[in-house]
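Engineer: okay, structure incoming, though there's no sequence with it:
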Ligand code: G3P
């Protein structure tokens, strides 16, 4: 399973990259705004800075909601770097644009997926990734992981190459559960990845190994 970080924070991206397990980055307009990145030129420069850190795919989201706008914005974003994946919202104009991009060798991430039907349409249009937002589904007392299972089944039934990019991850157990189901990718805040490192028995065991070594090497 691939690990992406869901952030526009360069320090966090650098830290995740330095762990050696980072496969890519996703961003969205809210995450860019959180870092104070505004204005087209700054946003494009920021995407380039992210691409210079990581070796995998970097999702850059369009703001347009009409076919022509999505296509011209996406083509401009795709020119920034070969790593750029154009993130397109799950709307009818978005589906048309994903079809266009797939016919023009531009990678896409269909975002704001909340149902299996939406994921199926995006896969049929040729999306590189679909992003089901599992945390936001859980937030409304529904079952985000169930959606990942349904999409996995559908994509496997028809051998769709579109990758399931589980998004809106709320903690380390979401990551484990996505891996059990067979999600291709998870995109998550760095803190959830770091939580996977921890186990009290590891700390106790390491302390004992070091104490025993020090006793014998006084
Ligand atoms: O980037 C899309 C998604 O991961 C957003 O997550 O936490 O805002 O629901 P969240």
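Structural biologist: Perfect, I can see it now. Given the structure is predicted, the values throughout are model-derived calculations rather than measurements. Residues are numbered from 1 along each chain as shown.

Engineer: what's the single longest helix in the chain?
Structural biologist: The single longest helix within the chain, with elements called by DSSP state H, is helix 200-216.

Engineer: which residues touch it?
Structural biologist: Taking contacts as C-beta atoms under 8 Å, 6 or more residues apart in numbering, no residue outside helix 200-216 touches it. Bear in mind the C-beta positions are built from the backbone N, C-alpha and C, glycine included.

Engineer: residues of this structure that sit close to the ligand?
Structural biologist: 6, 26, 28, 133, 135-136, 167-168, 187 (C-beta under 6 Å from any ligand atom).

Engineer: so for those residues, which is the shakiest by pLDDT?
Structural biologist: Lowest in pLDDT among the residues of the chain next to the ligand is residue 28, which has 94.

Engineer: give me the neighbour count for the closest residue to it other than its chain neighbours.
Structural biologist: Counting by C-beta to C-beta, 6 or more residues apart in numbering, residue 28 lies nearest to residue 61, which is 5.1 Å off, once chain neighbours are set aside. For residue 61, the count of nearby residues is 23 (other C-beta atoms under 10 Å).

Engineer: wait, what's in contact with residue 61?
Structural biologist: Contacts of residue 61 (C-beta under 8 Å, 6+ apart): 27-29, 87-89, 111.

Engineer: same list (the residues you listed) but as CSV, adding neighbour count, distance to residue 38 and secondary structure.
Structural biologist: Below are those laid out as CSV (neighbours: other C-beta atoms under 10 Å; distance: C-beta to C-beta, whole Å; DSSP: H, G, I helix; E, B strand; the rest coil):
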residue, neighbour count, distance to residue 38, secondary structure
27, 26, 14, coil
28, 19, 14, coil
29, 14, 10, helix
87, 26, 18, strand
88, 30, 21, strand
89, 18, 20, strand
111, 24, 20, strand
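
Engineer: appreciated, that's everything.
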